[in-house]
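J.: Okay, here's the prediction I keep looking at, along with the sequence it came from:
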Amino acid sequence: MTHLLVWLVLFSLPYLLSSGQFQTRPNILVHVWIPLVFYALLFYGNYYFLIEKLFFQDKVALYLVINMIAITLLIFINQEIKDVLSQRFDMFKPPMEGPPKRFFIYRDIVSFIVPIIFAFGFKLSEHWFKTESERKMIENQRLQAELQQLKYQLQPHFFFNSLNNIYSMIEIAPDKAKQTIHTLSKLMRYLFNDADAKLVPLKSEITFMTQYIEIMKLRFSDKTKVSYEFPNLQQEVMIPSLLFISLIENAFKHGVSATTDSEIRFEMKLIDNWLVFTSSNTNFAKDKEDKSGSGIGLNNVKKQLALLFPDKHQLEVVDDPHWFKATLKIQL
C-alpha cells in the first residue's frame, strides 16, 4: 500500500505542478511518466530479485553486469520512445547549440541509477531488521534455556537441603518431621508445576518463601533467631518464580552457627514501582572443605537478574566479618 501511494504521488505531482501550461500532457508523458515506468522496473527488479538472488548470494560481479546491461537497454529504449513521441506530438526540440547529446546520456545514467540505490537501501534495511529480529529471537531462546537450566539446578539442591532438615528431626521430633514432609510436598509441587510458568503471582512466591523458611527454622535450636516480614498484597503483582530463594538459602548457609547465637532476617517491601527484598544474617564464613550449596548462591541470583531484569535491578551487598546484608531492588 505504501509503495502504491508513493508511485501515485510521483506520477501525479508533475501534472499538478504544470497544470495549465502548453503541451502539458505530451511533455509529462515523454519526460516523466515513461521514465518513471522504467525506474519502477529497475527498482522492483532489484528489490524483489537481483539483490536477494545475486548480491546477497555473493554474486556481486554478475549483479553489477546485469544492472549495467539493464540501464543501457532502458536508456536506449527511453530515447527511442522519446524521439518517436516527440515527432508524433510535434514537441519543441532544443536548438542545435544546446548541450551535447552525451550530456543527456550522462543525466539518464545517473537518473536510472537512483532507483537501484533506493532499492538497495530499502532491501539492505529490510534484511538488517530481519536478521536483527532473528538474532534477538535466538538470543531470547538461549536466555530462556539458560534461565530454565538455573531453575533445574536449584530444584535438586533445594530438595536435598530440605531432606537433610527432615532427617535431622526424625528421631527428636517425628511429628514435626511428618508435618514438614507434607509441607515439602507442597513446595516441590510448586517447584515442578507453578514455577515453570514465565511469571507467577507474588502472593504465591511469598507463600513458597514462608513455607521454606519455616522448614529451615525447624532444623535449628533456640540459638538461631529467624524473622521475616513480607507484605500483605492488595494488588496483583506478577514476578518471575524462584527469584529470592537463592538469597534465602545463602542466609541459612552462612548465617548459622552451632555454638554461637545467630540471627537471620528477611524483609520485602513494595515502594512505588520497586520491589525491595532484604536478606540479613550474622556472617559465619564456611570452611574451605565445606562444599554445601554446590556454588549456588549469589552467582545464581546475579545470573537470573541479568537474564530477567537487564538495567532494571540493583543488587547491593554488604559483607563484613560479622554481618552480611543483601538488598535486591527490582523495577516492576
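T.: Noted; the coordinates are in hand. Numbering: from 1, shown residues only.

J.: From here on, just use CA atoms for contacts and neighbour counts.
T.: Fine.

J.: Touching, Gln331 and His313? I think so.
T.: Yes: using Cα atoms under 8 Å, Gln331 is in contact with His313, at 6.1 Å.

J.: ok, those two, which is more surrounded?
T.: Set Gln331 next to His313 and count neighbours by other Cα atoms under 10 Å: His313 wins out with 18 against 14.

J.: How far away from the center of its chain is the host helix or strand of Leu42?
T.: Here Leu42 is covered by helix 34-45, with elements defined by DSSP states H and E. Mean-position distance between helix 34-45 and its chain equals 38 Å (Cα atoms, centre = their mean, to the nearest Å).

J.: So which bits of the helix or strand just after it are buried?
T.: Counting by DSSP H and E, the element after helix 34-45 in chain order, helix or strand, is helix 51-53. Residues of helix 51-53 classed as buried by neighbour count (16 or more other Cα atoms under 10 Å): 51-52.

J.: Measure how far helix 51-53 is from the centre of its chain, please.
T.: With Cα atoms, centre = their mean as the basis, helix 51-53 stands 28 Å off its chain's centre.

J.: average model confidence for that helix?
T.: Mean pLDDT, computed over helix 51-53, is 86.

J.: list the helices and strands the helix holding Leu42 packs on?
T.: helix 60-88, helix 101-169 (3 or more Cα pairs under 8 Å, 6 or more residues apart in numbering; DSSP states H and E).

J.: Tell me where the protein is predicted with low confidence.
T.: Applying pLDDT under 70 to the chain flags the ranges 1-3, 6-31, 86-87, 89-104, 140-158, 161, 194-196, 285-297.

J.: if we can go back for a sec, the helix holding Leu42 vs helix 60-88, what angle?
T.: Interaxial angle of helix 34-45 relative to helix 60-88 (axes from the mean of the first three to the mean of the last three Cα atoms, to 10 degrees): 160 degrees.

J.: CA atoms of helix 34-45 as CSV?
T.: C-alpha atoms of helix 34-45 as CSV (Å, rounded to 0.1, in the frame of the first residue of the first chain):
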residue,chain,number,x,y,z
ILE,A,34,7.7,6.9,-19.3
PRO,A,35,11.0,7.3,-17.4
LEU,A,36,9.1,6.6,-14.1
VAL,A,37,7.9,3.3,-15.6
PHE,A,38,11.5,2.3,-16.3
TYR,A,39,12.6,3.5,-12.8
ALA,A,40,9.9,1.2,-11.4
LEU,A,41,11.2,-1.7,-13.4
LEU,A,42,14.7,-1.2,-12.2
PHE,A,43,13.5,-0.6,-8.6
TYR,A,44,11.4,-3.7,-8.3
GLY,A,45,13.7,-5.9,-10.4
